[in-house]
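S.K.: Predicted model and sequence follow; I will ask about them next.
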Amino acid sequence: MFTVLSQGVAPAVAADVVADPTAQGGFASFLPFILVLVIFYFMLIRPQQRRVKQHQDMVGGLKKGDRIITGGGIVGTISKLESDDMIQVQIAEGVMVTVARTTILGLLPVTSSDASTGKVKKSKQVANDN
């Protein structure tokens, strides 16, 4: 009797698997996941890569006399390019600090000194306001 029962059940199970529409579509089940990855790439990864490239170009183009702002908020003028990754910055009269190039957030507009008063005219516009 056991063999008769197993023969009668097996074809019914096989017919249900073939007739079930959710059992098909391996690619269709991955389509929402792939769509989320594509949206994630265009909304987050590409803009971040663009910002990193702009920062690398800005840091690579630094020269003596540029006014900069660091990640710690230090504002100063580049006085010496020490190496490929270090820069000497003058933050006050006679005060020099060495900072890593990667910590530089942006360039500030160069200020002009007023010869009669000795005061520095500061611009409120920041070149890189990200």
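M.R.: Yes, it's here.
S.K.: make it CA atoms for all contacts and neighbour counts henceforth
M.R.: OK.
S.K.: mind showing which ranges of the chain have poor pLDDT?
M.R.: Low-confidence segments of the chain (pLDDT under 70): 1-24, 111-130.
S.K.: how does the chain divide up, domain by domain?
M.R.: 2-57, 63-121 (automatic domain parsing).
S.K.: could those domains go into TSV alongside mean neighbour count?
M.R.: Output for the domains of the chain, formatted as TSV (neighbours: other C-alpha atoms under 10 Å):
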stretch	mean neighbour count
domain 2-57	11
domain 63-121	15
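S.K.: Run through the bridge partners of Leu107.
M.R.: Ile68 (DSSP bridges).
S.K.: I'd say it and Arg67 touch.
M.R.: Yes - the criterion here is C-alpha atoms under 8 Å, and Leu107 meets it with Arg67 at 5.8 Å.
S.K.: What ranges does this protein have for its strands?
M.R.: 67-70, 75-81, 86-92, 95-100, 104-108, 112-113, 120-121 (DSSP state E).
S.K.: Select, out of those strands, the one closest to Gly26.
M.R.: Relative to Gly26, the nearest member of these by C-alpha to C-alpha is strand 104-108, separated by 47.1 Å.
S.K.: Who are the packing partners of that closest one?
M.R.: Using 3 or more C-alpha pairs under 8 Å, 6 or more residues apart in numbering; DSSP states H and E as the contact test, the elements touching strand 104-108 are helix 46-60, strand 67-70.
S.K.: for these, which one sits closest to Lys80?
M.R.: strand 67-70 (12.2 Å).
S.K.: Turn the helices and strands packed on strand 104-108 into JSON lines, columns for distance to Thr102.
M.R.: Formatted as JSON lines, the helices and strands packed on strand 104-108 follow (distance: least, C-alpha to C-alpha, whole Å):
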{"stretch": "helix 46-60", "distance to Thr102": "7"}
{"stretch": "strand 67-70", "distance to Thr102": "9"}
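S.K.: wait, which of these is closest to Met96?
M.R.: strand 67-70 (13.5 Å).
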